[in-house]
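**Student:** okay, sequence plus prediction incoming.
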Amino acid sequence: MTSGAAAFWSYVQKDNDGDHGRILALSEDLRERYRIQTGEDLELFVDREDVAWGAAWRQRIDTAIAGTTFFIAILTPSYFKSQVCREELLTFARTAERLGLGDLIMSVHWVDVPQLESSPEESDDEVVRIVAKYNWEDLRVESLEARDSAPYRKAVAKLAAELAKQAELAEKVDDIPHDSSTTGKGIAQEEDGDGEAEGILERLVRGEDAQEKAIALLKEVGEKMNAINVHVEGVGAEIGAASARGQGVKAALSLTNRLAQEIAQPASELFEIGREYGQVLGDVDPAVQLRMDLIEEQGKGDEDEEWFRELRELLAVSLEMEKILKELLEGVETASKFSRSLKQPLEAVRLGVLGVIDGNVFIKEWARRAQELDEEAGDEQGQG
């Protein structure tokens, strides 16, 4: 394994600005404390806008979390709303978990976050479940202390010690084998219902079936969204008419309560579809990675060309849907403030939408790797 520990600092910039730079100050203090306690440097990447962040991120993800690479998430309510932060955490977690290195995820509980207060491991939000699953340090009290105070310094020392411990454990994990003739870059073979390990062909077929299922689910998402929009537009028109008649807020509240009842069913269905979408893509990710491994080692055949084309189509459809869903998320945030009766169905809509957007992280990674394989093949042909 490559030596040297590094960490990616994942946070919301506005949180740092609003906290007078305390979040980035913590990163500086942690780096120094880690050096003092271990005698080793901890390379910290804190600015995702920096070219160095992107280059290091891709290199370490692509080389199986090269060396000891930590992902440190600074948890605030805004963190779970940030699509950039969510995508970073999901991408890192899925790579690390595949390698049995999930403990390289280290979260810092910086302020109170409602989603983490009660049974976060059972949350409908995948990002909340991941955070709850792995190491995290509670600095909610210490974050309000002065940087030179004893409570704050002790908390930083504890966090540095935990990183050092996890770095030592990670170094003991064997490098991942690269013999794809049996399992594909160390990905464990899965068993079917009879307890028999699936072979390569069975897993590849399952991957193709899942892609078709994902497209079908995206179509269902569109249908549920349309059903919800029909109800929203209808009630909106009625509220406008009632206002024109001078019936005012009371009529609007009655109509809003009716809207909550009308969208409850499609909202619940959208939630289930979003969750299933993420599960389908997550379940098939090892099979897709396996096929990519085989193409990388053996070259691309005619069937692979067709598969790459289907991947690009899936990416295009998912990204178009994602664009619409992100706009819907903004509308949900606003609409949920109008009436208490709308909170529950709109929360179901929000979670369903997040399930689809989070699931798309898989597809983006597949398409990125497919693009790289295409470019490598083109380079080889050019050299030939």
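**Tutor:** Arrived safely. Numbers count the residues shown, from 1 in each chain.
**Student:** C-alpha only now, for contacts and for neighbours.
**Tutor:** Noted.
**Student:** could I get the pLDDT score of Ile74?
**Tutor:** In the predicted model, Ile74 carries a pLDDT score of 97.
**Student:** same check, this time on Leu101
**Tutor:** At Leu101, the pLDDT value in this model is 76.
**Student:** what does stretch 157-164 contact?
**Tutor:** Applying C-alpha atoms under 8 Å, 6 or more residues apart in numbering, the contact partners of stretch 157-164 are Leu30, Arg31, Arg33, Tyr34, Gln37, Thr38, Glu137.
**Student:** ok, 6 Å please
**Tutor:** Stretch 157-164 has contacts (C-alpha atoms under 6 Å, 6 or more residues apart in numbering) with Tyr34.
**Student:** by contact count, what packs against the lowest-mean-pLDDT helix or strand in the chain?
**Tutor:** Ranked by mean pLDDT, DSSP states H and E, the helix or strand of the chain with the weakest confidence is helix 51-62, at a mean of 77. Packing partners of helix 51-62 (3 or more C-alpha pairs under 6 Å, 6 or more residues apart in numbering; DSSP states H and E): none among the helices and strands.
**Student:** dump that helix to CSV, restricted to CA.
**Tutor:** Extracted in CSV, the C-alpha atoms of helix 51-62 (Å, rounded to 0.1, in the frame of the first residue of the first chain):
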residue,chain,number,x,y,z
VAL,A,51,-7.2,21.6,-8.5
ALA,A,52,-5.2,19.6,-5.9
TRP,A,53,-8.4,18.4,-4.2
GLY,A,54,-9.8,17.0,-7.5
ALA,A,55,-6.5,15.4,-8.6
ALA,A,56,-5.9,13.8,-5.2
TRP,A,57,-9.5,12.7,-4.8
ARG,A,58,-9.6,10.9,-8.1
GLN,A,59,-6.1,9.3,-7.7
ARG,A,60,-6.9,7.9,-4.3
ILE,A,61,-10.4,6.7,-5.2
ASP,A,62,-9.1,5.1,-8.4
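**Student:** pop the domain breakdown of the protein in here.
**Tutor:** Recorded structural domains for the chain (assignment: automatic domain parsing) are 5-171, 200-383.
**Student:** which residues in this protein form strands?
**Tutor:** Using DSSP state E, the strands of the chain run over residues 5-10, 42-45, 68-75, 105-109, 135-138.
**Student:** winner for burial among these?
**Tutor:** Sort those by mean neighbour count, taking mean count of other C-alpha atoms under 10 Å, and strand 68-75 sits at the top with a mean of 25.
**Student:** so for the longest helix anywhere in the chain, mean pLDDT?
**Tutor:** The longest helix of the chain (DSSP state H) is helix 248-298. Across helix 248-298, pLDDT averages out at 87.
**Student:** Throw the strands of the chain into CSV and include distance to Gly236, thanks.
**Tutor:** As requested, the strands of the chain are exported to CSV (distance: least, C-alpha to C-alpha, whole Å):
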stretch, distance to Gly236
strand 5-10, 40
strand 42-45, 47
strand 68-75, 37
strand 105-109, 40
strand 135-138, 44
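**Student:** nearest to Val317, out of the ones you listed?
**Tutor:** Across those, Val317 has its closest neighbour in strand 5-10 (28.4 Å, C-alpha to C-alpha).
**Student:** what packs against the closest one?
**Tutor:** Packing contacts for strand 5-10, counted by 3+ C-alpha pairs under 6 Å, 6+ apart, involve strand 42-45, strand 68-75.
**Student:** redo these as a markdown table? Include distance to Glu233.
**Tutor:** Formatted as a markdown table, the helices and strands packed on strand 5-10 follow (distance: least, C-alpha to C-alpha, whole Å):
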| stretch | distance to Glu233 |
| --- | --- |
| strand 42-45 | 46 |
| strand 68-75 | 36 |
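**Student:** closest to Ser254 out of these?
**Tutor:** strand 68-75 (38.1 Å).
**Student:** pull up the pairing partners for that closest one, direction included.
**Tutor:** Its sheet considered, strand 68-75 pairs with strand 5-10 (parallel), strand 105-109 (parallel) by DSSP bridges.
**Student:** now tell me what touches it from outside.
**Tutor:** 5-11, 104-110, 167.
**Student:** on that earlier part again, out of the strands paired with strand 68-75, which is closest to Gln371?
**Tutor:** Shortest separation from Gln371 across these is recorded for strand 5-10, at 25.0 Å, computed as C-alpha to C-alpha.
**Student:** list the contacts of the closest one.
**Tutor:** So strand 5-10 is contacted by Leu42, Glu43, Leu44, Phe45, Val46, Thr68, Thr69, Phe70, Phe71, Ile72, Ala73 (C-alpha under 6 Å, 6+ apart).
**Student:** for Leu163, give me the pLDDT.
**Tutor:** pLDDT, read off for Leu163, is 90.
**Student:** number of residues surrounding it?
**Tutor:** 25 (other C-alpha atoms under 10 Å).
**Student:** equivalent analysis for Asp125, please.
**Tutor:** Under the criterion other C-alpha under 10 Å, the count of neighbours that Asp125 has is 19.
**Student:** any idea how far it is from Asp358?
**Tutor:** Asp125 sits 10 Å away from Asp358, going by C-alpha to C-alpha, to the nearest Å.
**Student:** so how far is Gly240 from the nearest residue to Val12 once chain neighbours are set aside?
**Tutor:** Leaving aside its sequence neighbours, Val12 sits nearest to Tyr79 (C-alpha to C-alpha, 6 or more residues apart in numbering; 6.0 Å). Distance of Tyr79 to Gly240, computed by C-alpha to C-alpha: 36 Å.
**Student:** look at those two and report which has more neighbours.
**Tutor:** Higher neighbour count among Tyr79 and Gly240: Tyr79, with 20 against 14, using other C-alpha under 10 Å.
**Student:** got the confidence number for the more buried one?
**Tutor:** Note on Tyr79: pLDDT of 96.
**Student:** same deal with Asn360?
**Tutor:** For Asn360, the model assigns a pLDDT of 89.
**Student:** all further residue positions should be reported with the first residue as 68.
**Tutor:** With 68 as the first residue, the last one maps to Asn427.
**Student:** excluding its backbone neighbours, what's nearest it?
**Tutor:** Asn427 sits nearest to Ser385 (C-alpha to C-alpha, 6+ apart), 6.6 Å away.
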